[in-house]
Structures are given as C-alpha cells and as structure tokens.
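Enquirer: Sequence and predicted structure below; questions after.
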Amino acid sequence: MEILKAIVETILLFTFLAVVTAMLGVYLERKISGWIQSRLGPKHVGPQGLLQTIADTVKLLQKEHITPLNADVPTFNVAPILVAVAGLLAWMIIPFGPAFGRIIMVRDINIGLLFFLAMASLIVIGILLGGWASNNKYALLGGFRSASQMISYEIPLALALMVPIMMAGTLSTRAIVEAQGGSIRNWYIFGGPYEWYLAIPGVIAFAVFIIAATAETNRIPFDLPEAESELVAGYFSEYTGMRFALFQLGEYAEAFGMSALAAVLFLGGWHGPVLPGIVWFLIKMFALVFLLMWARWTYPRLRLDQLLNLSWKGLVPLGFLLVLVTGWMLV
Amino acid sequence: MRLDWLYVAVFAVVGTVMAALPLAIVWLLAPRVDLPQKRMTYESGVVPFGQAWAQFNIRYYLFALIFVLFEVEVIYLFPWAVIFRQLGAVAFVEAVLFIVILGVGLLYAWRKGALEWV
C-alpha cells in the first residue's frame, strides 16, 4: 500500500518537476531574458508563447540520439538519467505548505537537509560522467570545470545552511519552517525568534547561500562548465535530443530546488498573511528564481581562478566565521 | 524512519524509469541513420585530433583533495549544529577549537599555494 502511494507520489513529483521547473522554467528564462534585453521572447506558440517549451519537447522527442564514436557508451547513457533522478530526489524534502489538513511534502526525513546536500552533490557526478564519457575535449573540460566549481561551492553552501540549523536545532525542513511561524520577524533571515542582532548572520548566510547556490547550479556568473563562448556547450556538447533535455531537467530542478530551499530556510517557507500557504511558498520560490535569472543578465562570467578564489579565500572563511558568530550570539 | 528510506528507494527506482521513458519514446519515434561522420565528436568543425582522454591539469586534483578534507569536516559540524543549543557554552568552546584548527589548515593550504590557479 505504502509502495503504491510512493509510486503515485513519484509520478506526481516528476510531472511537477518536468512541467513547472523544466518547461515553465525554460519559458520564464526566455521571457525574462527577452524582457531585460527589450525584446519579446517566445510569442507565437500558444498565448504569449506559453506552449513554446511543450512544442520544443515534442520536437526533441523526434530527434535522433547520436552516440559519439569513441564514447564510453554505458556511462554516456547513464549520466543524463543520473542527473535527472538526483534532481528529483532532492525535491523529496521540500515542504510546499499546508493543504487538506496536512503539509504537502513527500517525506519529512529527519536528516532532510543533509539528504538534499547529498543529492545535489550527486548531480556533480552525473555531469562529470557525462563530460568524461563523451570523449570530446570541450565536454571533458566542462566536466572538470564543473566538478572543481561545484565542489568548491559546496562547502560555503553547507556552512551557510549551518546558521538556520543552529537556530532551529533540527535538520527536518518541516520543523524549520514551523519554527518560523508568527510574523515576518521570525524568519531566519531576520534572526528567527531570537534577539534582533541574529539578523546579521541571518542576512549574510542568506547571501552566501544564494551565491553558492548560483555556482552549484552552474548559472551565470558561474557558468564556466557550459560557457558557450569558450566550450561550445560544455559537458553536454555531445548530447542530443531527449538526453540533452534530461540534463536540462536536472539543472532546472536543481536551480528551482535551491530557490525553494532558500525560501524554506530563510524566508519562512509557507508562512505569510491572507493567501494560502502553498501560494506564499511558490511566490517566494519564484521570486528567488527571478533573482537567479536577473543575475544572469547583470554580471559577466568569472574566470576560473577568480571563481575559485571567491570560494576558497572569500566564502569559506566567511562561512566558518558565520558559524562562530552565530554560535556566540546563541549561547 | 525506515519508511522514509523505502520512499527514497521507490523514488530512485520509479524516477529512473520515468527518466528513461522519454528515451524509449525517442527510440520508437526518432529516425536512425548511421553515418560515420555523424558520430564524430564535435571539434569546431575539423576532424577530431586524438582522444580527449589525455593528460589534464593537475590543479583539478588538488582542489578535489582540499575539498574532501573540508567537506568531511563540515559534515562533523552538522550533528553539532543540531544539538548545539541544548549543550550551550561547552559545545561552543569545542566548536571554536575545531574551527580554529580547520582555519589553520586552510591558512596552511593558502600559504602553500594550493589555492592558486596558475
């Protein structure tokens, strides 16, 4: 019985990710890019081009799969699936909000945040495998860059998570959101239900989290792994058709997942006045997604050494300092 | 608790099936024309020169090594952060010691030039 329920929930969550994060995400990305660059973006398929991504998906379904001659075939095939499944699993612990007398989320795993981090790191492995298996120099370079970048930013990401964890005293995402109820003052970005000065580490941790999340999801200004002007398309240069789409699905699932997690940890998750909880959660998530897309057209791409310096010489020491300061304030 | 991990297992299996499903549809729908030129890897339009699996910059390995050290130590901070407020001052002092040692390690790697990309 439980297994049947789990299967249904998998299908629901996968469909949610495919439709909301991947399809709507690509549409929003193009529409917002167009808006920022004073052009229209997709316009012709459906009202305001809303069905453009569906048309693209149907097109991709009819495209041939090309496996490069010297590729490592099993690895080459597994990589996109691994990325998509890791993106799906990371979403298991995101609480959407209360509806029908319960909290809409897949599982309230007691080590939820750690689980999310673990699944986010699985994406690195998928990307590295894909880049390596293609036997293409651009793809290999993209894979290596992605690995070095994502591992460098995983440490500031984990350290920024430490601040809400210390405030909440739990790794369960649901308990973290519940602890931020009441008023906007109780959001962990503003120090939670503690003294006002905890807002200082709160805001800094939020900023570190957003920067590290942008790097984790390989988005501009940290998009070195797929830098189209130097590496063609980076690690998915050799992927065609639906395999390429699976990589995209995994990436958008992760980008939206990181935004959702930031909303859950720092911005009070589903808490908000008047509107139902799920709506609030979605508003916060989409606002953060918009921030990611905005950054894309605002900042130039970093060089690899700048990128690594920012993490190891900037964010990692800052992260350790944050943990100490938060601890000192909470004691 | 055990149910949680059952869910994770089901999600992993069913998720893999769902991710593989479009690939199966492609197998049914898409054309298949096999030409040797088509299966060449892309290298700016010229015939690929040698294999991609060659030597690469050792720096990537160094950063991976530093990462493993720090990530493992960050993992130790997770259980500490969860019960930190129940333990109070003692836990805080211990964490200060732990993080100072970590900081010295980072400083050492920094001074040694392990964090330079050249």
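Expert: Yep, that arrived. Residues are numbered from 1 along each chain as shown, chains lettered A, B, ... in the order given.

Enquirer: Now do the helices in the stretch 201-331 of chain A.
Expert: Under the criterion DSSP state H, counting those that start in this stretch, helices of the stretch 201-331 of chain A are mapped to A:228-231, A:241-266, A:277-296, A:304-309, A:316-330.

Enquirer: Can you say which of these is nearest to residue B:26?
Expert: Residue B:26 lies closest to helix A:241-266 among those, at 4.8 Å (C-beta to C-beta). C-beta coordinates here come from the backbone N, C-alpha and C atoms, glycine included.

Enquirer: on that earlier part again, any idea which of the helices of the stretch 201-331 of chain A scores lowest on pLDDT?
Expert: Lowest mean pLDDT of the helices of the stretch 201-331 of chain A: helix A:228-231, a mean of 71.

Enquirer: of the helices of the stretch 201-331 of chain A, which approaches residue A:176 most closely?
Expert: Nearest to residue A:176, of the helices of the stretch 201-331 of chain A and by C-beta to C-beta, is helix A:241-266 at 6.2 Å.

Enquirer: how far does that closest one sit from the chain's center?
Expert: 4 Å (C-alpha atoms, centre = their mean, to the nearest Å).

Enquirer: need the helix or strand of chain A with the lowest average pLDDT.
Expert: helix A:228-231 (a mean of 71; mean pLDDT, DSSP states H and E).

Enquirer: which of the residues in that helix are buried?
Expert: residue A:231 (16 or more other C-beta atoms under 10 Å in any protein chain shown).

Enquirer: which helices and strands does it pack with?
Expert: In this structure, helix A:228-231 packs against helix A:137-168, with contacts taken as 3 or more C-beta pairs under 8 Å, 6 or more residues apart in numbering or on different chains; DSSP states H and E.

Enquirer: so, in contact with chain B or not, the helix it packs on?
Expert: Yes. Helix A:137-168 comes into contact with chain B (C-beta under 8 Å from any C-beta of the partner chain), by way of A:137-141, A:144, A:147-148, A:151-152, A:154-155, A:158-159, A:162, A:165-166.

Enquirer: Show me what that helix is packed against.
Expert: helix A:112-133, helix A:173-178, helix A:199-216, helix A:228-231, helix A:241-266, helix A:304-309, helix A:316-330, helix B:59-87.

Enquirer: how much does the helix or strand following the last one deviate in direction from helix A:316-330?
Expert: Spelled out, it's helix B:59-87. Helices and strands here follow DSSP states H and E; after helix B:59-87, the next one along the chain is helix B:89-111. Relative orientation of helix B:89-111 versus helix A:316-330 (axes from the mean of the first three to the mean of the last three C-alpha atoms, to 10 degrees): 170 degrees.

Enquirer: Identify all contacting residues around helix B:89-111.
Expert: Outside helix B:89-111, the residues that touch it by C-beta atoms under 8 Å, 6 or more residues apart in numbering or on different chains are A:312-313, A:316-317, A:320, A:323-324, A:327-328, A:331, B:66, B:69-70, B:73, B:76-77, B:80, B:83-84, B:115.
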